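J.: Dropping a prediction and its sequence here:
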Amino acid sequence: MLEPFAAMCPRCGRPYASPPNHLCGHCISHPPPFGRARACTTYSRSTPEAPLARALHALKYGRDISYAKPLAQIMVGRSPADRTYDTIVPVPLHVDRLRWRGFNQAALLARPLARHWRLRLEYRALRRTRTTPPQVGLGEAARRRNIADAFEIPPDWSGRGKRILLVDDVYTTGATLEECSRLLLDSGASQVRLGPRPGPMKRHESPIVRMPDRRRHWERRYADAARRPGAPSPFLQELLPSLPPGSALDIASGDGRHSLTLANAGYTVTAIDLSLAGLSSLIRTARERKLPINAVQADLESYPLPTNRFDVAVKVFYLQRDLFGPMKASLRQGGVAVVETFLIDQREIGHPRSPNFLLERGELGTIFADFEILRAEEGLFQSGREKAFLSRLAARKP
């Protein structure tokens, strides 16, 4: 019986032992070219006697084609519900290895998927240009060197506008599939997903979803590698000496202007944001400065904040009203919440103008009525280079 994962990385599908889902460190620091991957199951080479490991080994190295059908059935049974692709592409073998093995195991696994979903199966979308030594036993860097420039797109094939599910038999470090994904996207494909495959440590059966418009906006904003985090909120800087020491949560951290300020002040920081580009920038800066910052890529509209964990929780210029409850619950007893965002008066002088992003006067005080209010103020304040109508509050959890 193949058990579902308790949690996983939403990008590459790396399984975790317990919830919640969160972006893994590798996907934050080295974003893969594919959009999303999912595992149909995992196995470990440390247990080669396991049935799945034996079946994969027999198919791939023992040339026992009888294992292809049951493995493909596993993949069909674990296929994603939100399929939006229209083309399946198996990872190709070099002609020399194809002649030795007699078949391409990725194609054998892809064929039942194409029949089951009634999709195009394109064998010739990718071509292997040279034979490579087996990847087994190689580390990640060696695998990437081994596979570099080993594939090409045939000149008579175009991926233009196609939504592609890329299928291989095993995913370990992702070197092969990332190289293939990059080529297919360069050929004009609108999406590339890694298809369901049984394999080791990372197993992926992946639907990639189109990036939401709100995330696309922030990815573009933070995409410039030369960009540096802006100045922190003066309100937070004024409060820093009076805040309790320990751990801090930075909600909707962006590229980390407040995370860096808190870490410089001695806090161990958890930064959560939707933007992969913003968090990647934050990680680079934190590494350069040797600061203790843990970055989590997550959609705050669905991500469950940890409870009873932080001494300080900061939320600046991000208004999601149903997040105030989880923010308060994330604090330890005696922990302090720091909130600063736009006031309803702001719509008279500039953006934002939607009430969804503007606080009513007195609203923060009502939300934190069960906390000890340390400081609360509303009015026109300097915000960066301009003035803005803001509501600011610091409150201690009893």
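T.: Happy to help now that I have it.

J.: contacts and neighbour counts: CA atoms only from here.
T.: OK.

J.: Any regions of the stretch 151-300 of the chain where pLDDT drops low?
T.: Residues of the stretch 151-300 of the chain meeting the criterion pLDDT under 70: 195-228.

J.: and if we set it to 50?
T.: Across the stretch 151-300 of the chain, the ranges flagged by pLDDT under 50 are 198-213.

J.: Strands of the stretch 101-250 of the chain, start to end?
T.: 120-121, 127-128, 151-152, 163-167, 191-194, 198-200, 247-251 (DSSP state E, counting those that start in this stretch).

J.: any chance of these in TSV, plus distance to Val312 and mean neighbour count?
T.: As requested, those are exported to TSV (distance: least, Cα to Cα, whole Å; neighbours: other Cα atoms under 10 Å):
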stretch	distance to Val312	mean neighbour count
strand 120-121	53	18
strand 127-128	53	18
strand 151-152	50	19
strand 163-167	43	27
strand 191-194	39	28
strand 198-200	40	24
strand 247-251	5	25
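
J.: what's the distance between Pro15 and Leu276?
T.: Distance of Pro15 to Leu276, computed by Cα to Cα, to the nearest Å: 19 Å.

J.: cool, Leu358 as well?
T.: Per Cα to Cα, Leu358 is found 26 Å from Leu276.

J.: Give me the neighbour count for Glu363.
T.: Burial of Glu363 is recorded as 12 neighbouring residues (other Cα atoms under 10 Å).

J.: Could you measure from it over to Arg309?
T.: 25 Å.

J.: try Ala148
T.: Ala148 sits 44 Å away from Arg309, going by Cα to Cα.

J.: neighbour-wise, which of these two wins?
T.: Under the neighbour definition other Cα under 10 Å, Ala148 and Arg309 were set side by side, and Arg309 has more, 18 against 12.

J.: you'd agree the more buried one is up against Lys328?
T.: No: checked against Cα atoms under 8 Å, the pair Arg309 and Lys328 is beyond contact range at 10.6 Å.

J.: Do a quick rundown of the strands in the stretch 251-398 of the chain.
T.: Using DSSP E, counting those that start in this stretch, the strands of the stretch 251-398 of the chain run over residues 268-273, 293-297, 310-316, 331-342, 372-383, 386-396.

J.: Please name whichever of those is nearest to Thr132.
T.: strand 293-297 (35.1 Å; Cα to Cα).

J.: Determine the set of other helices and strands touching that closest one.
T.: Here strand 293-297 touches helix 257-264, strand 268-273, helix 276-289, going by 3 or more Cα pairs under 8 Å, 6 or more residues apart in numbering; DSSP states H and E.

J.: Could you dump these into CSV and include mean neighbour count and distance to Ser187?
T.: As requested, these are exported to CSV (neighbours: other Cα atoms under 10 Å; distance: least, Cα to Cα, whole Å):
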stretch, mean neighbour count, distance to Ser187
helix 257-264, 23, 38
strand 268-273, 24, 31
helix 276-289, 20, 24
